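Participant: Got a predicted structure here, sequence first:
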Amino acid sequence: MTFSSILVNVETDSPSSDARTALAASLARRFKARLIGVAAAALPRDTEFFFTVAIAFGILAVLWWSYFDFPALAAARALRFASPERRGALARDLFTFFHFPNVLGIIYVAVAAKKALAHPSDPLSGAGRAALALGLVLFLSQFVLGRFYFVRRLSVERLVAMAVIVVIAAAGGHVDALWLLAVMFAVLAATTVVEMRRLGQARVQVRAGGPPIPDPRSRLNRRSP
């Protein structure tokens, strides 16, 4: 009998690990085989771990809040009051094309959160920071694109937040993953609160399901000869 490869389970916390590894090494030398070691260890469930879980959950909660509090209702109301000729194309654009950034954003944020949970007290890698920034920017861009497409207005708060997120991610190469997530959470929460306060009456009317808010530009157009 010959062996070309020998796989050994290397348990860091097992008293029999040394003897098992020595036996596998001896067999590998005898048969001139490759020795492959596999090890797994549980992540420490300390205060930093649970705090990182809480921050990651907070980011997802703010993203949910920033979408379902106003943009989702505004999109549904836009369809309700749109003309029959325009409703089909509007539904396709708002709930298909402009939802791709939402889905991709959530995936990228989940990837970054997983990396942060693995090593909360270490800085995120370049790929981890890129995933975090890209995920948040994509998610915020959904409302920016939809609002500009439908009413030709910019969401200034979200555009500013997107720029701030990119700068923080680019400059956060030496910041612990835990604190980088916390800063991103603060940026998202502040953006959502400021946006809600600025929308004011529009937000109240949309949530109440009232009629469309008149566009000042359309009134000016009607008055012009």
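Facilitator: That came through fine. Not measured: the values here are computed from a predicted model. Residues are numbered from 1 along each chain as shown.

Participant: what element comes up after the longest helix anywhere in the chain heading to the C-terminus?
Facilitator: Among the segments of the chain that qualify as a helix by DSSP state H, the longest is helix 126-151. Using DSSP states H and E, the next helix or strand after helix 126-151 towards the C-terminus is helix 156-171.

Participant: which residues sit against that following helix?
Facilitator: Residues outside helix 156-171 that contact it (CB atoms under 8 Å, 6 or more residues apart in numbering): 129-130, 132-133, 136-137, 140-141, 143-144, 180, 183-184, 187-188, 191, 194-195, 198. C-beta: built from backbone N, CA, C; applies to glycine.

Participant: and what of stretch 125-138?
Facilitator: 59, 63, 101-102, 104-112, 115-116, 124, 162, 165-166, 168-170, 172-173, 177, 180-181, 184, 188.

Participant: Using ChimeraX, define a selection of the buried residues within those.
Facilitator: The following ChimeraX line selects those of those that are buried, judged by 16 or more other CB atoms under 10 Å:
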select :59,63,101,102,105,106,108,109,111,112,115,116,124,162,165,166,168,169,172,177,180,181,184,188
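
Participant: Of the contacts of stretch 125-138, which belong to helices?
Facilitator: Using DSSP H, the subset of the contacts of stretch 125-138 located in helices is 59, 63, 101-102, 104-112, 115-116, 162, 165-166, 168-170, 177, 180-181, 184, 188.

Participant: so who does the residue nearest in space to the middle of the chain touch?
Facilitator: The structure's the chain has its C-alpha centroid closest to Val109; by CA atoms, centre = their mean the separation is 2.8 Å. With contact set as CB under 8 Å, 6+ apart, Val109 has these partners: Ile59, Leu60, Leu63, Ala131, Leu132, Gly135, Leu136, Phe139.

Participant: Using neighbour counts, trim these to the buried set.
Facilitator: By 16+ other CB under 10 Å, these give Ile59, Leu63, Ala131, Leu132, Gly135, Leu136, Phe139 as buried.

Participant: Just flag the most distant two among the residues you listed.
Facilitator: Farthest-apart pair in these is Leu63 and Ala131; separation 14.7 Å (CB to CB).

Participant: List just the nearest of the contacts of Val109 to Asp46.
Facilitator: Ile59 (20.5 Å).

Participant: Okay, the closest one and Pro101: tell me how far apart.
Facilitator: Applying CB to CB, to the nearest Å, the value for Ile59 to Pro101 is 16 Å.

Participant: again with Phe150
Facilitator: With distances taken as CB to CB, Phe150 is found 16 Å from Pro101.

Participant: before we move on, what about Ala113?
Facilitator: Shown here: Ala113 relative to Pro101, a distance of 18 Å by CB to CB.

Participant: Show the model's pLDDT score for Gly210.
Facilitator: Gly210 is assigned 56 on the pLDDT scale.

Participant: Many thanks, I have nothing further to ask.
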